[in-house]
Each structure stands twice: as structure tokens, then as C-alpha cells.
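S.K.: using only what follows, build the 3D model:
(one chain, ligands or ions: 2)
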Amino acid sequence: MVSVELVLKNGKIMTTSGIFEGGLAVEAGKIVAMAKDPSLPTGEQTIDVKGNFILPGFIDAHTHVRGMGRSNYEDFVTGTMAAASSGITTIMEMPITLPPTSTVQAFKEKREAMSGQSLVNFALYAGAGSQNIQEITGMAREGAVAFKTFMHPPPAGREQDFWGFYVTDDGSFLEMLRTIAQTGSISAVHAENPEIVEHLAKKLRSERRMDLSAYLGSRPGITESEGISRAAMLASEARVRIHICHVCAKEALEVVRMAKSRGQMLTAETCPHYLTFTHDEIKHLGPYVKINPPIRHRDDRDLLWEAIRNGVIDLVASDHGPYPKKLKDAGLEDIWEAYMGAPGLDAIGPVMLTHVNNGLISLKKLAEIMSENVAKIFGLYPNKGALSVGSDADLVVIDMNARKRLDASKFHTKARDIALLYDGFEAKGIPSLTVVNGTIVMKDGEIVGKPGTGRFARP
Ligand code: ZN
Ligand code: ZN
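M.R.: Residues are numbered from 1 along each chain as shown. Ligands and ions are numbered 1, 2, ... in the order given. Sure, this is the predicted structure:
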């Protein structure tokens, strides 16, 4: 019998047509066979997965590893170790770093830098904004997976990192969207109405409100729903596919639902922190859980789950946001001073699997929102996002019965000292094996892969 590099046997394989009990064979980074155990080829290495589930590797559609000039926040090695520990086999890296990924030159530099360092595959967002419309076509040609745009100006002090991915006015926003449409790519938008936020923040500050609840108060649901509806309308006019990042307000869900019901090419994302916590549960953590948009209330959270179940939300992504501790500690006395974002890559796998165990969604639905749908939306399917003969050997083995108390001090992210959100989280359901391009990068919680295993993923 022919021999292949790697065989996984005795598994429950999640395929698009249901669970297949058996195993799969891997050669040269591809799945070359899927069969009942007795019919599998022999492997140079064979792993008995002991009846556990094998899923297509997770694809994180929203990651800020940063690297390069911001490697002190997180670098491509530590960030992708964290990803591998959660069962993620491809990250889609956002453009906020130094230099910002918003020119053809910077795009090539980042692709080059990640190639030697990433443990998992990586796709790259390019930044698009009022400042760099002339760079869009070239970055699409270089393999940008989508174009990221903020509808608000950069936070004070971060102008350099944000160059080339925010819009200053709706006129240049529309022109930018039309340019993206011509490339056939996707516009991914952080949609909030900056004028409402600015007005409310100013008012709350003048009342000397400096706590996390004040921050939440400055970004009510209308800031999201207005931003999304304006972006959707402009995208419709420009005939461009639009992806709405991190939806978390119930008002926003209604706008997404309406856009979809009129047939617009619009997709939507949410994140584990919005699905796991409410403001009241985490407000004592102050600046460490200052995330934009903010973690909201119970009814928002419940409606997000419903939106996942009925397809209004297409995918779940980490929005992993690492920072040095001092940039978060700046908000201990005055919340407005803290940087926005929280690390999430180490936690997303176990946290989402725990929600499956708690009955909020099925494991099949999880495979859709964290792999299949992501690959389909961003043009990576069926090489990624599916387990079938001919697909890339990117997969994760899941032990649904394993329990673990998450310990932030053991996270792989450099930002473990600010990762308070999931510290102590009681998880049930753990990724136990992560395979990237046929190479084992994580086994039983230990990172065994080498930097450079991951490859650039082009849509
Ligand atoms: Zn954002
Ligand atoms: Zn983000």
C-alpha cells in the first residue's frame, strides 16, 4: 500500500455533507484521501485521534498581530503561536502596524516579513482610505484579501499607524469604494458614526465621567447602526461587496438584516467577547476591557446569538488587539486615555467550543462561522474552509470533553499581562491538535511548529 506523510485515524470528520467517521491522509500539504480506517493508506506518521472531531482549521477573519515596527506589541511568531493554540490555521491580518499596510511597498514588506515568521497561514488586509486611493489597484494585484477602512479619524497619537485606512468624508469614501469594486475585492468597514461619538464623549468628559460605563455611554447602538447603514448605502451605489467588522449592537443587527433582505452583497462579523460577556460582568476590569465597539448589554448579546443562528451574522473573529501594558494602564484613572482592544487569539478556540457545549450553537454551525463561511466570503474556498480530498491540509482536532481553566499567564500572546478578559474562564471543549499545510504545529496544548510553516494565502 502507498505511504503518505501523515494519517489521522479514528476521527469524526466534519464535512459539508455531515460527519464522516474514519480518517484522512495528508501528502505535500493536501488532503489526498478520506476513508474508513481500514482503507486508509499507511502514514510515515499516524495519529489516533480517539474518536474526537476533526474540523477544517479555523480562519480568523480579523486579527491585529501588528509585527514590524509594532513588534513590541506582538510579533508574527508570538501572535501565530497564540492562533495555533486556538486551532486557527489561517489568520487574516489587519493593516495597523508601522509602516501601515496601505501602500504597495508596505504590503510587499509585510508579506515578506510574515513569510519567514508565521506558524499559521496568513492573508493580508490592505488599508484603504481617503489618503491612498491610488494604491488600491496595486495592492489588490499583490494579493490583498480585502480592504479595511475606518469611518472615524485615528485616535489621538495614532495618526502614523492609521495612515491610509480612514475616510475623512463621504465623497472620498464613495470614490474609494468604487475603486475597490473595480478590483473585484471586498471593502471591510469599521462602521461607527464619529460625530455622535465625539459629541457624547466630550459631554461625558465635561461631567468628569472617567469610567468604563462612560466609555460605553459615548458609543450607543445608533453609532453602529447609522455607520453601517451609510456604509451599506454607499457600497450599494458603488456596487462593491462590503463586510461589516465586529457588529455588536442590536440596532446594528436590524440594519444588517434589512440590507441582506434586499439582496445586497453584505456580510457581517461579530466577536467572542460580545457573545460571552455583558458590560455589567466586566466593567470592574476597566481599561483592560475597553474595546471598540464596546461590550454591551444582555439583550445585545442574546440577539447576537440569534443572529448567528439565523444567518444575519456570517462569521466570528477574534479582533485580537495586543498592546504593551502601559498603554492600557493609562486608563486606570481616566478611561479616555486607554488604548482600545484586547487580546483574544489564545482564548477564541476554547471559548467558542464552550459555547457549543452549552448548547448555544451546534458544532457544525461553529465550523461554518469560523471556517467555511470565512473561506467562502474572502475567496479562499474550497482550498480552505472544507475537509475534502484536494483541500489544503489545514485542520484542527477538537476534544469536546476536555476541561481547562484559562490562565492568561500561560497565553502565547506578548500581551498576556493585559489579557484579563478571559483569565480564569472555565472552558469545556479544547483544540488538541492543529495541522497547517500538513505540518503539526500544536499538539496537546504544546506549540511544536516552527516559524515559517505558514504560507501567504491569496484570494
Ligand atoms: Zn475595528
Ligand atoms: Zn480590529
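S.K.: can you name the residues in contact with the helix ranked longest in the chain?
M.R.: Ranked by residue count under DSSP state H, the longest helix found in the chain is helix 221-238. For helix 221-238, contacts defined as CB atoms under 8 Å, 6 or more residues apart in numbering pick out 151, 170, 173-174, 177-178, 180-181, 187, 189, 191-193, 196-197, 241-242, 244, 247-252, 254-256, 259, 264, 266, 293, 296, 300. (Each C-beta comes from the backbone N, C-alpha and C, glycine too.)
S.K.: packing partners for the next helix or strand after that helix?
M.R.: With elements assigned by DSSP states H and E, the helix or strand that comes after helix 221-238 is strand 241-244. Judged by 3 or more CB pairs under 8 Å, 6 or more residues apart in numbering; DSSP states H and E, strand 241-244 is in contact with strand 186-190, helix 221-238, strand 266-270.
S.K.: quick one on the thing from earlier: okay, buried residues for the longest helix of the chain please.
M.R.: Across helix 221-238, burial judged by 16 or more other CB atoms under 10 Å covers 221, 223-232, 234-236, 238.
S.K.: likewise for stretch 87-106?
M.R.: Quick answer for stretch 87-106 (16+ other CB under 10 Å): 87-104, 106.
S.K.: in helices only, show me those residues.
M.R.: When the buried residues of stretch 87-106 are checked against helices using DSSP H, the ones located there are 104, 106.
S.K.: of the buried residues of helix 221-238, closest to residue 81?
M.R.: residue 224 (32.5 Å; CB to CB).
S.K.: rewinding a little: just the buried residues out of the contacts of helix 221-238, in PyMOL syntax.
M.R.: Here is the PyMOL selection string for the buried members of these, based on 16+ other CB under 10 Å:
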select buried, resi 151+173+174+177+178+180+181+187+189+191+192+193+196+197+241+242+244+247+248+249+250+251+252+254+255+256+259+264+266+293+296+300
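S.K.: out of the contacts of helix 221-238, which are inside strands?
M.R.: Among those, the members found in strands (DSSP state E) are 187, 189, 241, 242, 244, 266.
S.K.: quick check: bridge partners of the fourth one?
M.R.: To tie it back to what came earlier, the one meant is residue 242. residue 187, residue 266 (DSSP bridges).
S.K.: how about low-confidence regions in the stretch 101-250 of the chain?
M.R.: Judged against pLDDT under 70, the stretch 101-250 of the chain has no low-scoring part.
S.K.: for the longest strand along the chain, name the packing helices and strands.
M.R.: Longest among the strand segments of the chain by residue count, using DSSP E, is strand 3-15. Where contact means 3+ CB pairs under 8 Å, 6+ apart, strand 3-15 is packed against strand 18-27, strand 30-35, strand 42-48, strand 53-56, helix 363-367, strand 395-405, strand 426-436.
S.K.: count the residues that sit near the closest residue to residue 19 other than its chain neighbours.
M.R.: Residue nearest to residue 19 in three dimensions, not counting chain neighbours: residue 12, with 5.1 Å by CB to CB, 6 or more residues apart in numbering. Using other CB atoms under 10 Å, residue 12 has 18 other residues around it.
S.K.: returning to that earlier point: out of the helices and strands packed on strand 3-15, which comes closest to residue 77?
M.R.: strand 426-436 (13.9 Å).
S.K.: adjacent strands (with direction) for that closest one?
M.R.: strand 395-405 (antiparallel), strand 439-443 (antiparallel).
S.K.: so what's the gap between it and the chain middle?
M.R.: Distance of strand 426-436 from the chain centroid (CA atoms, centre = their mean, to the nearest Å) equals 17 Å.
S.K.: cool, and stretch 181-188?
M.R.: 19 Å.
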